[in-house]
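Student: Model the structure of this input:
(chains A, B and C)
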Amino acid sequence: MRPFDYQRPDDRDAAHAAARDGATFIAGGTNLVDLMKLEIMAPDRLVDVSRLGLDGIGDADGGLRIGATVTNSDLAADPRVRRTYPVLSRALLAGASGQLRNKATTAGNFLQRTRCPYFYDTDAACNKRAPGTGCAALGGEMRNHAILGGSQHCVALHPSDMAVAMRALDAEVEVEAADGTSRALALDDLYRLPGDTPHIETSLAPGDLITSVRLPVPLGERQVYRKVRDRASYAFALVSVAAVVRMEGGRIAEAALAFGGLGTRPWRDAEVDALLAGEAPGEALFDKAGEVLLRDAEPPEGTEFKLPLARRVLKAVLTEATR
Amino acid sequence: MAVTITVNGQDHTLDLDPRVTLLDALRDHLHLTGSKKGCDHGQCGACTVLLNGRRVNSCLCLAVMHDGDEVTTIEGLAEGGPSPLQEAFVAHDGMQCGYCTPGQICSATAMLDEVAAGWPSHVSASLDCPVELTHDELAERMSGNLCRCSCYPGINAAITEVARRGKTEATE
Amino acid sequence: MTIEMKIDGPETVNRTDDMAQGVLGRDSARPDGLAKATGRATYAAEAHPEGMLHGVLRRAPGIGAVRCPNLEAVRAMPGVRAVLRDARMVRNAAQGMADEAPVQGVDEAAYVGQPIALVVAETFEQARHAAQRLEVAIERTDLPIDPDAVEPEVPEAKQSSQGDLDAAMRNAALTIDADYTTSSMNSAAMEPHAAVAEWDGTTLTLRGALQMLRFNRNELADSVGLSAEHVRILAPYVGGGFGSKLGISADCVAAALAAMELGQPVRVVQHRRNVFEVNTRRSETRQRIRLAADADGRLIGLGHEALVSNLPEETFAEPVVQASHFAYPGAARTLGIRIARIHRPAAGSVRAPGEAVGVTASEVAMDELAYAAGVDPVELRLRNIPEEDPERGVPFSSHRLKAALLDGAERFGWSGRPMAPRQRREGEWWIGTGMAAAFRVNMVVEAQARIRLHGAGAVVETDMTDIGTGSYAIFQQVAAELLGLPLAQTEVRLGDTALPPGSGSGGSVGAASTGTAVWLAAMELRRQIAARLGCDEAELTLKDGTATAGNTRQDLADILSGAELTGTGHVKPGDAAEKVRQATYGAHFAEVAVNDVTGEVRMRRMQGTFSAGRILNRRTARSQCHGGMIWGIGMALTETMTHDRRDGHVVNRDLAEYHVPVNADVPPLDVHLLEERDPWAGPMQAKGIGELGICGAAGAILNAIHHACGARLRDFPATPDRVLAALE
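Tutor: Below you'll find the model as predicted:
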């Protein structure tokens, strides 16, 4: 770990001031400290935002506003989340461990880095960790890598469970820029595809501080989160599916599906949602949804199993959500 | 950098490199070596302590971020005599090499509070029913603590006994 | 005074059962339990001698000649006291019982991850950062890393052949001929390897995470160039080993060298990522198994040939076929081990070397034979219990496989199991059951122990370790039983080379070997007490601190009248191993659920019945069996060390990506220990049980997967992708 300067401001203005010359915000630290120990991330300055009062959950326009530093466990256990956004509780509870969820925060979970073993190996080439050095994963041992959204420079997977549920729920992050102005970002706008700049993972600018996450009223009450992994608990997803569905007269009125374990970012495909809307549930439809989802899939060697796995899990989740 | 942390009820002011983790502060600066370093990356749970009453991986906490916080370690749980969980772990042989044991016990201590607070888990059939601490519930909730000797049967028996006893006491 | 004993023949007297205290064999608590549960037990890294410095190892990022271009700059970094690149640093941990230094040197990296420097600084944080800043340039050498891409060594001593297996295969009514593969695996003990070294100008004192101190002392002395009497190793508590701490490790040697150079205590703790590379792994295996049987499934021929790997100059070759020498009959037999010399990290002993992977594969093959014969898998094993060692023609010292199979089947509720796969479905889940036999060789090794008896009780002393196996508990019971003392008055001191050399922990030899030395030491004390009373030892009854001989009964304290008596026991292996075949046996039964959608496998329950001679402590023995069975779950379902195809480095070298089973992977387990006395196992008639539980366990699970969903997996572990491919 490189030496760094540490500051803990009491309010947001002070936080922005402290970060003026460049800084990395830290709250839970469960991923950042892990990465700093290996010098995968090596900030000169840490600005601790854990005591800015961003840890509340409140109503917002019929939906919910979740403070950036609400812990994963508090969010999963919140009665409103359990009642109205069960897919979010389920996704959170499927992730990490009890200890990690007690420390990890909402904003931090969105911004967690990939688990690609070559990203974690500071002796290996990695365009995400060290831009321009190449990608050691390609041609190496790949298994839990992305089959959607990758590029020749990077096929690293986004590892979050929570963010997958958030994508299905149309969450927006509220960002306060260094100059104090605020803006809301849909997750589609927050997360970038790797392209030829895999080290730039989000559209956040230096000094941008995520202050909260806004959840609209969910589009449906049928909510399912399903995660497939190598052991029964405490493992990252090989494939996960979040589904939010509204049924009307035996038909799917609206559906929002998001996927983990498949993409370089928490994956959502408007064409999959559109295909399902207005249709009567059935095996053929669900198979078609799988085909559409994976139409552009490019599984690197070792990840081919994700194609059938994604199709099967999607089908099972849709069956459950439309039953 | 000066930091004051209350450890097992006692205030300690330490002058620390900001890079020092809470785990290393406990082990190397306070010589409270009951909290163990198994992976140093939040992947094993051996370093679990209670931070303001909640279980966390102390290896992923920077000590400077916990100025003013309250920490309880395995040594603290034994103050005034071993806790019911500490005794039950011995009685049920919920340990072999003992290296993960402090983390298991700290984790279980807080886990029982989480159950009492009605927190659901990944295996809960419903998100809003009271939690019954079945084998599956217990196993899922304790899965953040690896035990390579693989004493999970003894660990679970110990926790189950204490949970049952606690429940009986609560209803008496 | 010392009693020496060589185990040359059967023990017919069985003095152990004459004893009166009634503590041996009991389900009794570990005396070290509360110290562990309250955090008072201190492990290697937890000493804080005055002025201690911190060392961090730097790994080689490639294979080939090593240079550190910015070494001087790193030396000048804040707090840095030394950047050690000493030719005496070791390439990898020593093999078990090596008794001498392993391969040394830092100028050539033989595998990716080899430690090539130690950075020592005032604080851990400074040392870690400086080690990360140390640049390592490799002049790459193109050396083989794929075991299938080299011409393997075929050591003559590791090949055996009787009869004509090819002919047997041609003539047999039923044959199985299949390849099975197992992955590289890691011990992944919870305590990373760690050392604190102190040098006073004459003596090197090292607190280490080590299993076999009497060997480790010589290995360390040889590595750093001292004579063994100037080396003392302390390891009162060891956070698991499973083979990875058998030999002196890189952290120990580097810490010692740094302490000797700097004149200050130095601590070196392996980072978890080092643990996966620097110590010995379980070799991947490729096993061809051939079974030739008559129409009833009775074996007439058996072939078990394995390809394993290791680094050049390593003597160890995973003894995959160890149990196949005696497990099943068959006049035509071809067994052999071939070794691929490759440049993956070193391979060595990991819990039950040989049987863990070998019995797993052969028990899957036996299941395949059961299905080919249409014979129930338990019945097939019963039909294939040999009368005597099928190769050497010597008798078995004791053979309880049949009893274990029948007991396990009964407890598990095996009878009435439909033979055909895919018979039971619950929602998305296929449910199935499977079984396997367990075999593990048994050994006795040389060991010494001393007991000091005084008015207030006894103190057992040996350099033996307790790595979680229960040494503290068992030796306390042995001494208390023979000396007629309550457990609380019997103290056990372990893990210090200043004490008499025990066997060390490894190969399941500890409890029986060092335990026998404790037994002999106690017997010597019984003789001394008897002499004081003027009676024969055999006439003496010792119980609750009193001695009874004939009609007189006296307090032990009065007999000693302030004196301290010392007895030493010394056991050595003798001819017994040549006269009989000695092993431990068991049976595993498993019920699994296989998800038809995802290929995920979940354990539902598991039953193990084991027989290992006299059980010295039912509680710690049961925990050892649990551990073995859960290791079986890991081997069957989750554990695999992935090597990069280009340079062989361990890709998934942390506990997030190398999946040891978590609590939720483990179903309720039922363990039953059979009563057995093996007269060829010395005066206690006890054998080792620490490794038996893993042998075959994964086979039962793989067989249950087949029964559940019809997929016969021959490549382990059965991760969801592999099961799914079989289901598709």
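Student: Leaving out sequence neighbours, find the closest residue to A:Ala235.
Tutor: Take A:Ala235 and drop its neighbours on the chain: the residue closest to it by CB to CB, 6 or more residues apart in numbering or on different chains is A:Arg229, 4.1 Å away. Bear in mind the C-beta positions are built from the backbone N, C-alpha and C, glycine included.
Student: Pop the domain breakdown of chain B in here.
Tutor: Dividing chain B into domains by automatic domain parsing, as the record does, gives the ranges B:2-77, B:84-171.
Student: now the longest one: mean pLDDT?
Tutor: Right, domain B:84-171. Taken as a whole, domain B:84-171 has an average pLDDT of 95.
Student: do that domain and chain A meet at all?
Tutor: Yes. Using CB under 8 Å from any CB of the partner chain, we find that domain B:84-171 touches chain A at B:107, B:110-111, B:114, B:117-122, B:124, B:127-128, B:139-145.
Student: Can you flag which of these belong to helices?
Tutor: Secondary structure from DSSP state H places B:Ser107, B:Ala110, B:Met111, B:Glu114, B:Ala139, B:Glu140, B:Arg141 of the residues of domain B:84-171 next to chain A in helices.
Student: Does the fourth one touch B:Arg141 like I think?
Tutor: Yep, that's B:Glu114 we're talking about. Yes. A contact is recorded between B:Glu114 and B:Arg141 when judged using CB atoms under 8 Å, the distance being 7.1 Å.
Student: Among those two, which residue is more densely surrounded?
Tutor: Comparing B:Glu114 with B:Arg141 by other CB atoms under 10 Å in any protein chain shown, the one with more neighbours is B:Arg141, at 29 against 20.
Student: roughly how far apart are whichever residue of the stretch 201-323 of chain A sits closest to chain B and C:Pro102?
Tutor: The shortest separation between the stretch 201-323 of chain A and chain B is 3.6 Å, found at A:Ser233 (distances taken as CB to the nearest CB). Between A:Ser233 and C:Pro102 the computed distance is 38 Å (CB to CB, to the nearest Å).
Student: And A:Met1, by the same measure?
Tutor: Summarising the geometry, the distance separating A:Met1 from C:Pro102, computed by CB to CB, is 31 Å.
Student: So for the two, which residue has more residues nearby?
Tutor: Under the criterion of other CB under 10 Å, the comparison of A:Met1 against C:Pro102 puts C:Pro102 first, with 24 against 21.
Student: what residue lies at the spatial centre of chain A?
Tutor: Taking CA atoms, centre = their mean, the centroid of chain A lies closest to A:Ala163, which sits 3.0 Å from it.
Student: Got the domain ranges for the chain?
Tutor: As the question left the chain open, I've gone with chain A. Segmentation of chain A into domains, based on automatic domain parsing, reads A:5-48, A:222-322.
Student: Chain C is the one I meant
Tutor: If you go by automatic domain parsing, chain C breaks into C:2-41+C:444-577, C:354-442+C:582-727.
Student: so which of those domains is the most packed in?
Tutor: For these, average neighbour numbers computed from mean count of other CB atoms under 10 Å in any protein chain shown are highest in domain C:354-442+C:582-727, which has a mean of 23.
Student: Do any residues in that one lie close to chain B?
Tutor: Yes. Where contact is defined by CB under 8 Å from any CB, part of domain C:354-442+C:582-727 touches chain B, namely C:619-620, C:622-624, C:626-627, C:629-631, C:654-656, C:660-664, C:666, C:668-669.
Student: Which is the succeeding secondary structure element to the helix or strand where A:Val213 lies?
Tutor: A:Val213 belongs to strand A:209-215 when assigned by DSSP states H and E. Using DSSP H and E, the helix or strand that follows strand A:209-215 towards the C-terminus is strand A:222-229.
Student: Pretty sure A:Leu309 sits in a strand.
Tutor: No. Assessed by DSSP: H, G, I helix; E, B strand; the rest coil, A:Leu309 does not belong to a strand; its assignment is helix.
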